[in-house]
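S.K.: My questions are about this predicted structure, shown below with the sequence.
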Amino acid sequence: MSHVSAWPADALPDFASVAFSEKGAAEAAELVLERGMVLESAVWSMADVPALLASPTLDQNVRVLIEPETADAQAAVAECREIAAVLRKEGVTAPILYHGYDETVWPVVQAAIEDGCQTRIGFEDGVTLPDGSLASDNVELVRAVRRLSGD
């Protein structure tokens with residue numbers, strides 16, 4: 001909280017992502033909005049969902065990021081879908097973004113495409129293409145996602 005409070009007003013990020021797996025997330029989300037930033041809330045597991053749903057900032061999110069903390073691709077996809085279903089059932093209307101990493105990147109990207117959710121890709125997430133070969137750069141990763149989505 002002290003770091004977010006100390007950010008200079010003329011150097012604020014466009015948006016901040018608040019992880020609802022962390023203590024004080026609801027307060028941090030409120031501070032992000034008070035400081036004039038756009039809010040993205042993140043959940044890493046079903047255990048985080050109640051805190052997000054109880055947050056007074058729930059309806060002020062630009063999107064909700066679902067980022068399972070498992071290396072098992074099938075479990076990550078299942079968790080994304082389970083969390084997304086609960087969020088929608090509870091009335092969350094913000095776009096939902098599925099985010100995987102390493103072994104889960106491509107199965108989670110494919111699930112996002114199938115489910116009409118947003119996704120993201122970059123070397124932060126993984127360095128291989130869907131066929132397992134190394135990507136030369138982020139552009140190649142983005143192009144691979146576009147091919148999968150039919151763009």
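M.R.: Ah, there it is.
S.K.: Residue 42 and residue 122, how far apart?
M.R.: As judged by CB to CB, to the nearest Å, residue 42 and residue 122 stand 16 Å apart. Glycine gets a C-beta too; all of them are placed from N, C-alpha and C.
S.K.: what's the helix or strand for the nearest residue to residue 74 once chain neighbours are set aside?
M.R.: The spatial neighbour of residue 74 that comes closest, neighbours along the chain excluded (CB to CB, 6 or more residues apart in numbering), is residue 107 at 7.2 Å. Secondary structure from DSSP states H and E places residue 107 in helix 105-115.
S.K.: how far is that helix from where the chain is centred?
M.R.: Here the centre of mass of C-alpha atoms in helix 105-115, compared against the chain's by CA atoms, centre = their mean, to the nearest Å, lies 13 Å away.
S.K.: ditto for stretch 89-97
M.R.: For stretch 89-97 - counting by CA atoms, centre = their mean - the centre lies 12 Å from the chain centre.
S.K.: about what we covered before: can you show me the CA trace of the helix holding residue 107 as PDB?
M.R.: Taking C-alpha atoms only, helix 105-115 is exported to PDB below (Å, rounded to 0.1, in the frame of the first residue of the first chain):
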ATOM      1  CA  VAL A 105       0.400 -21.400 -21.900                       C
ATOM      2  CA  TRP A 106      -1.000 -22.900 -25.000                       C
ATOM      3  CA  PRO A 107      -3.800 -25.000 -23.500                       C
ATOM      4  CA  VAL A 108      -5.000 -22.000 -21.500                       C
ATOM      5  CA  VAL A 109      -4.800 -19.800 -24.700                       C
ATOM      6  CA  GLN A 110      -6.800 -22.400 -26.600                       C
ATOM      7  CA  ALA A 111      -9.400 -22.500 -23.800                       C
ATOM      8  CA  ALA A 112      -9.700 -18.700 -23.800                       C
ATOM      9  CA  ILE A 113     -10.300 -18.700 -27.500                       C
ATOM     10  CA  GLU A 114     -12.900 -21.400 -27.200                       C
ATOM     11  CA  ASP A 115     -14.600 -19.700 -24.200                       C
END
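S.K.: Tell me the buried residues in that helix?
M.R.: Of the residues in helix 105-115, those with enough neighbours to count as buried (16 or more other CB atoms under 10 Å) are 105-113, 115.
S.K.: Please apply the same query to stretch 6-19.
M.R.: Judged by neighbour count (16+ other CB under 10 Å), stretch 6-19 contains these buried residues: 16-19.
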